[in-house]
Each structure stands twice: as C-alpha cells, then as structure tokens.
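Participant: Requesting a structural model of the entry that follows:
(2 chains)
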2 protein chains.
Amino acid sequence: MTRISERGKSIFASPFRKYLPYADAAKARGIDVIHLNIGQPDFLMPDGILDSFKWSASSFVPYGIAEGENELRATWAEYYQKFNIEVTAENVMVTTGASEALQMALLAIADPGDEAIVPEPFYANYNGFCQIAGVNIVPLPTSIDDGFPIPPSVDFEAAITERTRCILISNPNNPTGKIFPQEQLRQLVRLAVKHDLFLMVDEAYSEFVYQTYDFYSALTFADADQHVIVIDSVSKRFNACGLRVGALVSRNAALLDSITNLSRLRLSPPMLAQRMAIQLLKSPGSYYAGVLEEFTHRRALMLDRLKKIDGLDFHAPEGAFYIFARLPIEDSEDFSRWLLTDFSHQGQTVMIAPGTGFYASPGQGLNEVRIAYVLEEKRLSAAMDCLEQALATYPKTVSAALKA
Amino acid sequence: MTRISERGKSIFASPFRKYLPYADAAKARGIDVIHLNIGQPDFLMPDGILDSFKWSASSFVPYGIAEGENELRATWAEYYQKFNIEVTAENVMVTTGASEALQMALLAIADPGDEAIVPEPFYANYNGFCQIAGVNIVPLPTSIDDGFPIPPSVDFEAAITERTRCILISNPNNPTGKIFPQEQLRQLVRLAVKHDLFLMVDEAYSEFVYQTYDFYSALTFADADQHVIVIDSVSKRFNACGLRVGALVSRNAALLDSITNLSRLRLSPPMLAQRMAIQLLKSPGSYYAGVLEEFTHRRALMLDRLKKIDGLDFHAPEGAFYIFARLPIEDSEDFSRWLLTDFSHQGQTVMIAPGTGFYASPGQGLNEVRIAYVLEEKRLSAAMDCLEQALATYPKTVSAALKA
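Facilitator: Numbers count the residues shown, from 1 in each chain, chains lettered A, B, ... in the order given. Coordinates of the predicted model:
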C-alpha cells in the first residue's frame, strides 16, 4: 500500500465521531443509541423555512461570490444589532461552516510554528485546525475542581511568547458552558491590543445563554477593531448544522483581504444553503425565545439527573448546551467505547464524547466526558437512565470510597 | 493594524477572480461584462431538478455523515460504471467541491516540504492548495508552440526526487484541453507503482470530450488500486457549481482513513446540496449528450472566431471547455485589467483569466490567457468581437510584424 504522509497518519481524530463505527455496530444489533456525543439538536427550524424553500435565483446553481452572497452578508450584519454589534456587510465573510472560518483564520494569522493560547478544555476540533495550520496550541489549564474558571488575564499574558499570534476562546464555552463576563473579555481585548495579537472568539452559541448570565460579543469593543476576529455559524441557533454556513467577522482590512484570497481558492460557500441562511437570520425574536426555553428545560432535567449519580462531578452550564463531567472511571475512552460495545439498558445505550480530545495537554481529561443535552426530555431521561446504570455496572468504575 | 502572517499575506491570488473589483467597477459604469474568466457555464440543469427539490429528510437540516451521505456515495459509484470504473460506495468520499478534495488529498499524502510533479500550465488553484499544504510544485513545462503536449513518462520520472509524493494532473486538462491517451495514462500509473507515489487525477471534466477523443479514468487500471486518487465534482457536468459537492475516490484504505479524519473536522459536506446531487447523478444519458452537443457548437464557434484574429495562437481543445491562447501582447495581467478598466466595444467588454497563475515557473504565461467558452453562442460571439477589437486598440499590442 502506498504510504500516506506523517501528517496524514496523525490527523486529529475527533472525539465526537471516532467511535461511530461502534455505534453503527450497536445499532446493527438492534440497540437504540442515544446520541449525546455531538451538538446536533432535535429542535425544529423556524416555521415555514423548509416548506417554502426554493432555489429561484436562476435555472441552475452557479458559483457565488467567494466572500458570500451580498444579501446574506448584509442580513448577518443586521442580525448582529441585537448584540449591539456594529459591523458592515463587508466585515462578514461567509464560510462553509464555522469550521472553515476557524481554519482560514488560523492560516491567515499564523505561520507554521506560531502559537495560539487556548484555555483548556476547549472545542476539540481546534486541535485539528491548528494541526493543519502548523500552529502550536499553548493551553491554559483549568480544572473541574474549580468549576473551569476563566483564567485571569495575567495568566494569558504570562503565556505570551514571541511566537504567539492569537488567543482563541469560545464564548459561551464549548465544552464547559462558561461565559466570559464583560470585564474579563475587556481585559483580553486590552491584552490583544497591547501585545499586537488577535483575539479570536468562537461565538456560535451566543443565543444559548441561561438565567441571569449575560453574553457580550468581542466585537462590541470598538478599541480593538484591528484585533478581534469572531467566528460564527447558523448551525446551532436554527438547528441548521447540515447547511454548513458560518462566518468570519472582522474589521481588519489586511485579514479580510487574506480571507478573500483563501475563499477564492474554494470558489464559493454552498449556494442553496446561503439562500436558506438568509431566511433563517430574519427569524422573529419569538423563535429564539422558544428555543432557549426548550433548552432551559433540558438543562434543568440534566442538572437534576446528574446530581443524583454517585461520584459524578459537574457544573451547571451558563451557556451553550454541553456538560463537561468527571465520571468515577479511569479511562473515558474505554468507557465511551464500552457503552457502545458491551452495554445496554432496556435496549438502549448512550453515546458520549470522551474528554481527552478536548485538551492539548497530554493525559488530561482521562476521566471526563462531554454530554450534549440536545434531545427532547424523554430521550435525555432515557440517556441518563443508561448512564446511571452503566456507571453502576461498568467493571472499571472507581468507587466513591476508593476515590475519597 | 495587527499584522497577519507571512502565509496570510502571500495566499495565492486566483486568476479567475482577482480582477473582479475592476469588473464590478465596469458594470457600475454601465458596461456589460461578458464573463469568460471562470468555468461557470450557463446551460440548464436537468429538467425538473430545481422545481422538484425539497428537503424532506427531517424538519431540520442536521449534520450528515462526514464521509458523505450513503445514498450519494452509492449513486456516485453507480454513475462511474459508465466509465468502466468499478468502485464501491466506500471508495467515494464526498467533499465540499473538488477544491476540498484536492486540499484534503494533499494534506493526507504529503508532509510540508514534499513535492508534487505537475505538468504546466495547470489548474491555477493547485498553486493555492499546494501552498496551504506546504507542498512544492515541481512543474513539467509544456509549450503552446508544441500544442501543450502531454510530457512523456520519462520526463515525469526524471523529475522524481526523494521528496516526491504525487503526480498531479487534470484529465481532460484545464486549461489546455488536452486528454491523456490510455497508453500515456497507463505509463503514469506504472510510474506511480514503481516509485510508490500517488497519481492524483482531477477528472471534473470527464463528460466534456469532443469528436473522436476518448477519456479513460485512472481508476480503470486495477493494478494501481493503492496509488490512484481521482478528484471529481458535480459542478461542471450538471452546471451545479454552486452546490459545492465534489468527491475524492480511492481504493487505498490508509488514505481513506486519513480523509475520514480530515472530513470529521468539518463535520459534513453541505446537506441540501448532497440531496440535489443524488438526483443529478441519476440524470439520463440524453442529458449529458445534449450538454456535449451544445458545447461542441460553442467550441466550433470559438475555433472559427479565434483563427481569424491576427497574431493569436491556440489549439483546439480535446476536452473540457477552455482555450489557453497566446495573444500578441506582452503582459496578460495588464491586458486582462485593461479590458475592464479602459476598454469597451458597443457597451460590452470581456473578462478573461491572465495566464501567469496557471504556472509555477516564474515568468511563464505572461502573454497567455485562459478563455472559458461557457456562455451561449450569441454571448460568445459578442465576447469575440470585444477581444478582436481590444487587440486592435490595446496600446501595448505586439504587432505581428515585430513578433516575426
């Protein structure tokens, strides 16, 4: 067999999907696999969007503008007013999902060997995007013992070297559910300006903010015009994950020029999807409110069920729809696989994402998992039944007594 | 302004699009710009595809399978039987356009500093994809003076070094229109096996083959199972460029595993587009025949018009829908710009792609341009009127007398 490259062999294996073959095998055995491994919700798109969708722009589907269709860019800029973000259509570069926006941004702002400072745990696929761009992640460790606190800006500053090109965060955070308070965000913005770095903020979950927490976009700090990059997506807020429409938002002209050249290499974002995204971004406020209410219920159910499981540590998420939990086990990779290969409860099992992929530091996250509470309450409840039973029967569970 | 990276500053500027701002300015002045700069045809999609298109899979648009939807992979594998290609659905990885397939393949088979042997001129964006993957293009020069002949396999072999990881060709060729005869393709396959390289063939134009020429897919050589990678796309054959649905086809398991991991980083190809692609690939033979007939007429018109222009050299394309011509000018960049900034004929002008971007060798293609004959005959005729007039009035034309 012809050899592939060292890079090709070592491409980061996404923890959301790496055990899918085991899930498929479980399904083939007749087991109902409840998918809490990936942020793929089950709520409905806004009324009428799918029914009324038509491609009526021409009698074929041509390439679009590399930077995204003008109407979509303008609609997105307008949507941002709800977060007090003042941007023009030209500041919004449409990408094929937030994934492409992240990949292009890293290629444009960093050279191979450069560094990105990222609090960990972080969205696992950052590992892969940084690998492709040749960027080294400098992790700022945070622990579940303290509730995954947002590191103080002095910690960020201490991690800066001459190779640092950006600070990369997600807000609300995937997987910890933490939200950056305005003051901490402001400090990061100041740090970026002071050290001439980019502050790249993945704001895909901005509509998912619970209770009394407040979301502030990094784009609201006007003094950091040249330093802030926001990554966004229609995936999560409209349950439009499969459209693959994201955005890179910046006011830095040199960056936008570079992203334009990168965008032209792949010609245009998907056109059918962009047309639908225009409609989605015009959704009424009541739609977002309804989605958030549903997720508030799901969150409450999860918190209630998880606190009843012995030896399981977790924190209530402030935003997004994930819980990053520590389980009374030694190896979350083994446990996540075992749930699919050896376990079932009343014909069901649950798929979750093992924790190690959410870290850059070796050996971290070994007894942690990410649980996405993205399904209707009945399914979540069944999944929690499975998790409870699984922890009671898994042969390698660390007993609460031993742990203490 | 925060600095971007050296890489970010030097991203390859696609010759198909770099002068779009001048085209927009010309349009703003009321000039009708005829776009022969990009392979974006105007023919119709198969009957009923757009009218009947519905997303009926669920009441939202979820992430799909990273490798592509099973039905699409199976349909594509079946479509290939018309080219005597025997592949399974598992051999077909669906990508976000052929662009993504090319990018992923280079990432998977080459490490930074490795080499790809590419006959030039070649599809310009290979320059960008190789740049991102850190792959050095080793060009095999061919000249319009000899009709851009396919280099003999001894030339390919002579260019092999210990860093060579692949031979990259497009067949039918964009921009030269050449088709690899079966025997020359077989020799490249043997070379790939002998030197343990990948032979990567971009077959996006396989349906566009004129007169008595024959197209052979690299996948028909069973003895090179582990070495052949085919890049494909629905864009050109169905006028579905804006869908962004392509494919990477291979029988090499290690490569497919690596592409799977790369694919999972970006979660899934666009889902609306995949659904439409399934329908497109089931189009009746009469559809392809109709498209080819139309392009045969367009090709004839172009050959007739071009041969009447003094001092213009070109060769009749065997496949695809491009003509790579040498003009009696010194600088095709300047001429392509001038067509948009300073020229019009009866309220119209023509946009073409300057030739330098189709080369890796510095200084090549300076007096060459790519013309895409993708529009209806009336538009092509008007475009040729413009080109003829432009060459007669362009101040930096090299006269036929001077040239001789």
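
Participant: partner strands of the helix or strand where residue A:140 lies, parallel or antiparallel?
Facilitator: Using DSSP states H and E, residue A:140 falls within strand A:136-141. Using DSSP bridges, strand A:136-141 pairs in its sheet with strand A:115-120 (parallel).

Participant: CA atoms only for the strand holding residue A:140 - export them in CSV, please.
Facilitator: Extracted in CSV, the C-alpha atoms of strand A:136-141 (Å, rounded to 0.1, in the frame of the first residue of the first chain):
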residue,chain,number,x,y,z
ASN,A,136,1.1,25.0,18.3
ILE,A,137,-1.6,25.3,21.0
VAL,A,138,-0.3,26.7,24.3
PRO,A,139,-3.0,25.5,26.7
LEU,A,140,-4.1,27.4,29.8
PRO,A,141,-5.2,24.5,32.1
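
Participant: what's the helix or strand that that strand is followed by in contact with?
Facilitator: On the C-terminal side of strand A:136-141, the closest following helix or strand by DSSP H and E is helix A:153-158. Contacts to helix A:153-158, defined as CB atoms under 8 Å, 6 or more residues apart in numbering or on different chains, come from residues A:117, A:140, A:167, A:184, A:187, A:188, A:190, A:191, A:195. C-beta here means a position set from N, CA and C on the backbone, and glycine is covered the same way.

Participant: Which ChimeraX command selects the buried ones in those?
Facilitator: In ChimeraX, this line selects whichever of the contacts of helix A:153-158 come out buried by 16 or more other CB atoms under 10 Å in any protein chain shown:
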select /A:117,140,167,184,187,188,190,191
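
Participant: from the contacts of helix A:153-158, which is closest to chain B?
Facilitator: Within the contacts of helix A:153-158, the smallest distance to chain B is 9.8 Å, found for residue A:195 (CB to the nearest CB).

Participant: which residues does residue A:137 contact?
Facilitator: Residue A:137 neighbours (CB under 8 Å, 6+ apart): A:115, A:116, A:118, A:126, A:127, A:130, A:360.

Participant: And it, how close does it get to residue A:361?
Facilitator: According to CB to CB, to the nearest Å, residue A:137 stands 9 Å off from residue A:361.

Participant: can you check residue A:386 too?
Facilitator: Distance from residue A:386 to residue A:361, by CB to CB: 30 Å.

Participant: Comparing these two, which shows the higher neighbour count?
Facilitator: Counting neighbours by other CB atoms under 10 Å in any protein chain shown for residue A:386 and for residue A:361 shows that residue A:386 has the greater number, 24 against 13.

Participant: That one: what secondary structure?
Facilitator: The three-state label given to residue A:386 by DSSP: H, G, I helix; E, B strand; the rest coil is helix.

Participant: Next up, the contacts around it.
Facilitator: Contacts of residue A:386 by CB under 8 Å, 6+ apart are A:34, A:339, A:343, A:344, A:345, A:348, A:349, A:350.

Participant: Number of residues surrounding the last one?
Facilitator: Using other CB under 10 Å, the number of residues around residue A:350 comes to 27.

Participant: just checking, it touches residue A:390?
Facilitator: Yes - judged on CB atoms under 8 Å, residue A:350 makes contact with residue A:390 at a distance of 7.4 Å.
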